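In: okay, sequence plus prediction incoming.
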Amino acid sequence: MLKPFTVTSIVNNNKTLLRLKTYPRSLSKYVYKSRNHMRCVVQKPMMNVNFVKSNMSNNEHIKHVLLGGMCFSNLGVYTIVRDLKDVLLITSCGAEAVPFMKTWVNFPLSVLFMCFFTKLCNINLKQDRIYRIMYLSVFSTYMILGYFLYPIQGILSPFSNISLTLSVYKTPLLILNNWVSALFYALSTIWGSTIITLLFWLTANNYVKKDSAKIIYPLFGFISNISLTLCGIITRYLGDMYRNDWILNVQSLMIIVFIFGIIHTLCYEILVRNYSITNNIDFKPPKKSNVSVFESIKKVLTIPFVMYMVMLLACYGSASNLIDTVWKYNIHQYYHNPSDYSKLMGSISTYKGIFCMFTMILSSFVLKYIPYKVTIMITPILMSLMGVTFFIMSLTTNNSYIIIIYGAIITIVTKSIKYAFFDPNKEITYMYMDDDVKTKGKATIDLLSNPVGKSGTSLILQFMILMYGSIINMIPYMMVIFTCISIIWITSASKIADIVTSR
């Protein structure tokens, strides 16, 4: 047990200011003198005020726990808002609004935030300030939209229901009329790409030592799935509790989001105030070259590996977009109560988190024994077979519930397999490439694949919606498009496997 010692007085300019009581003996090692020469007179020497801070900074485990807390809270926010965004948009604007949002709102907003991030880097702000500005701008906007503006969305709507019913451009006007739900939907893309993929992983790469990354980074994956599972349970519980009060349900979910934000902020502030950067990543842009951005992209795309990788990721985004459009249309037709819709998405998140943990454990043992070509082609082959079956089922049955359940199974299985097999192999392929592909090639792949895939398919769906009026009338054509995309996807995966195995 720690024995006590007593601080007799605090003296300044030979005048006693305050008498204190007993403190543990472990704090009695040093005498502290402040800048204004105020000193503590003690029976035993007093501890240096930096003792706890120095011990903390030398403990790598605490640093990893703080990063894990940031990962947990960020994924918690992302899970809740991702499940909530579909409910808010589709119940307000219909499933036909999803393709319009992905092309005309999500993609421009992503470009806007990237320009904002680049601008902050150009004015030479410190990394922690850039992080705080980016995080708080998105987080505060989410809280304002979800907690304060959504309950009064009807008052903020610029158009009347009569004008929307008579208009030929019903879906775009519905998006404008429900701009609060639309902006909330679009911000989910920003949270996933900017807050998690960009800011969190830049911070992790700054503070985690290279020799520890191979051990610590897989743990972040398990933490993410635990957060995914927990938030799914919370969403389902609140959906049961507030089944007849959707506004209160949304506000309760936003309170959970706020709690996660507080946890993240505390972890981040403790991290940056007590630990120094291990691997400094320069946020400043490189010096300008005479080659334009378009010419650089064009040159990199002539490399077979980069071209096939862009096609691979674009096909994944396109295929999942087609399935999600039909699946969410059936959910909207079956679940008329937003709380029931929210409960379904919460259940899917829970099962997805559990299945992801299982597949990640499995992949850690399987990847080193199965040939590269097999592992990289598991996702496209599985999703192609399940997707074609899904479209056939949508054409042959009128039971929306069966389509919803099968669509949920596709979402859980394919995304879990992607996280466990597809994503690790995608990163492993860069190890076999030269430096130009590892830098410029990877940047081109990450920037082009997602817009080309999701936004490109959404643009095609928009014209089809204007022609056929409803998603149910477009399913035969969507199945043909899905089949063509699947063939290109499997071919690209095979070509990449041939390139990698030949090196």
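Out: On my side now, so go ahead.
In: so where's the stretch 51-200 of the chain shaky on pLDDT?
Out: In the predicted model of the stretch 51-200 of the chain, residues 51-58, 160-168 satisfy pLDDT under 70.
In: all helices for it, in order.
Out: Along the stretch 51-200 of the chain, the segments classed as helices by DSSP state H, counting those that start in this stretch run 51-57, 60-93, 97-101, 107-122, 127-143, 153-156, 161-166, 170-177, 179-190.
In: compare the ones you listed and give me the one nearest residue 257.
Out: The minimum distance between residue 257 and the helices of the stretch 51-200 of the chain falls on helix 60-93, with 5.2 Å, by C-beta to C-beta. C-beta: built from backbone N, CA, C; applies to glycine.
In: what's the angle from the closest one to helix 127-143?
Out: 30 degrees (axes from the mean of the first three to the mean of the last three C-alpha atoms, to 10 degrees).
In: how about helix 60-93: buried residues?
Out: Neighbour counts over helix 60-93 (16 or more other C-beta atoms under 10 Å) mark 62-64, 66-93 as buried.
In: also stretch 489-502?
Out: For stretch 489-502, a neighbour-count test (16+ other C-beta under 10 Å) marks 489, 490, 492, 493, 495, 496, 497, 499, 500 as buried.
In: averaged pLDDT, that stretch. What do you get?
Out: Per-region confidence: stretch 489-502 scores 87 on mean pLDDT.
In: the helices of the stretch 51-200 of the chain into TSV, with extra columns for distance to residue 277?
Out: Formatted as TSV, these follow (distance: least, C-beta to C-beta, whole Å):
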stretch	distance to residue 277
helix 51-57	12
helix 60-93	11
helix 97-101	38
helix 107-122	16
helix 127-143	8
helix 153-156	43
helix 161-166	53
helix 170-177	43
helix 179-190	25
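In: how about those, which one is nearest residue 213?
Out: helix 60-93 (10.7 Å).
In: show me how far the closest one is from its chain's centre.
Out: On the basis of C-alpha atoms, centre = their mean, to the nearest Å, helix 60-93 sits 7 Å off its chain's mean C-alpha point.
In: go on, stretch 467-482?
Out: Centroid separation for stretch 467-482 versus its chain: 30 Å, with C-alpha atoms, centre = their mean.
In: what's it in contact with?
Out: 95-96, 319, 322-323, 325-326, 329, 387-388, 391-392, 394-395, 457, 460-461, 464-465 (C-beta atoms under 8 Å, 6 or more residues apart in numbering).
In: how about a cut-off of 10 Å?
Out: 94-96, 98-99, 170, 318-319, 321-323, 325-326, 328-330, 332-333, 383-384, 387-388, 390-392, 394-395, 457, 460-461, 464-465 (C-beta atoms under 10 Å, 6 or more residues apart in numbering).
In: now do stretch 257-271
Out: Applying C-beta under 10 Å, 6+ apart, the external contacts of stretch 257-271 come out as 56, 62-63, 65-81, 84, 128, 131-132, 135-136, 139-140, 142-143, 146-147, 195, 199-200, 203, 206-207, 227, 231.
In: let's see that with 8 Å instead.
Out: Residues outside stretch 257-271 that contact it (C-beta under 8 Å, 6+ apart) are 63, 66-67, 69-70, 72-74, 76-77, 80-81, 131, 135, 139, 142-143, 146-147, 203, 207.
In: now do stretch 235-247
Out: Residues from elsewhere that reach stretch 235-247 (C-beta under 8 Å, 6+ apart): 79-80, 83-84, 150-151, 248-249, 252-253, 337-340, 342-343, 345-347, 349-350.
In: and the residue lying closest to residue 489 once chain neighbours are set aside, how many neighbours?
Out: Of all residues not flanking residue 489 in the chain, residue 315 sits nearest, at 3.5 Å (C-beta to C-beta, 6 or more residues apart in numbering). Using other C-beta atoms under 10 Å, residue 315 has 27 other residues around it.
In: the one 4 residues further on too?
Out: Residues near residue 319, counting by other C-beta under 10 Å, number 25.
In: with residue 106 instead?
Out: Close neighbours of residue 106, defined as other C-beta under 10 Å, add up to 25.
In: distance of it from residue 302?
Out: Per C-beta to C-beta, to the nearest Å, residue 106 is found 29 Å from residue 302.
In: could you do residue 396 as well?
Out: Applying C-beta to C-beta, the value for residue 396 to residue 302 is 44 Å.
In: kindly report the same for residue 382.
Out: From residue 382 across to residue 302, the span is 31 Å (C-beta to C-beta).
In: so which of these two has more stuff around it?
Out: For the pair residue 382 and residue 302, the greater number of neighbours falls to residue 382 (16 against 8), based on other C-beta under 10 Å.
In: for the more buried one, pull up the helix or strand it's in.
Out: Assessed by DSSP states H and E, residue 382 sits inside helix 372-396.
In: how far does the helix or strand just after that helix sit from its chain's centre?
Out: Following helix 372-396 in sequence order, the next helix or strand is helix 400-417 (DSSP H and E). Computed by C-alpha atoms, centre = their mean, the separation of helix 400-417 from the middle of its chain amounts to 20 Å.
In: residues of stretch 191-204 that come out buried?
Out: Quick answer for stretch 191-204 (16+ other C-beta under 10 Å): 191, 192, 193, 194, 195, 196, 198, 199, 200, 203, 204.
In: for residue 200, see how far away the residue sitting nearest the centre point of the chain is.
Out: Geometric centre of the chain, nearest residue: residue 192, 2.5 Å, by C-alpha atoms, centre = their mean. Distance of residue 192 to residue 200, given as C-beta to C-beta: 11 Å.
In: ok, back up a step: got a list of what the residue lying closest to the residue nearest to the centre of the chain once chain neighbours are set aside touches?
Out: Counting by C-beta to C-beta, 6+ apart, residue 192 lies nearest to residue 78, which is 5.9 Å off, once chain neighbours are set aside. Residue 78 sits next to 188, 191, 192, 195, 196 when contact means C-beta under 8 Å, 6+ apart.
In: re earlier: got the angle between the helix holding residue 382 and helix 400-417?
Out: Interaxial angle, helix 372-396 versus helix 400-417 (the same axes, to 10 degrees): 170 degrees.
In: what's helix 372-396 packed up against?
Out: Counting contacts by 3 or more C-beta pairs under 8 Å, 6 or more residues apart in numbering; DSSP states H and E, helix 372-396 packs against helix 304-334, helix 400-417, helix 423-428, helix 475-501.
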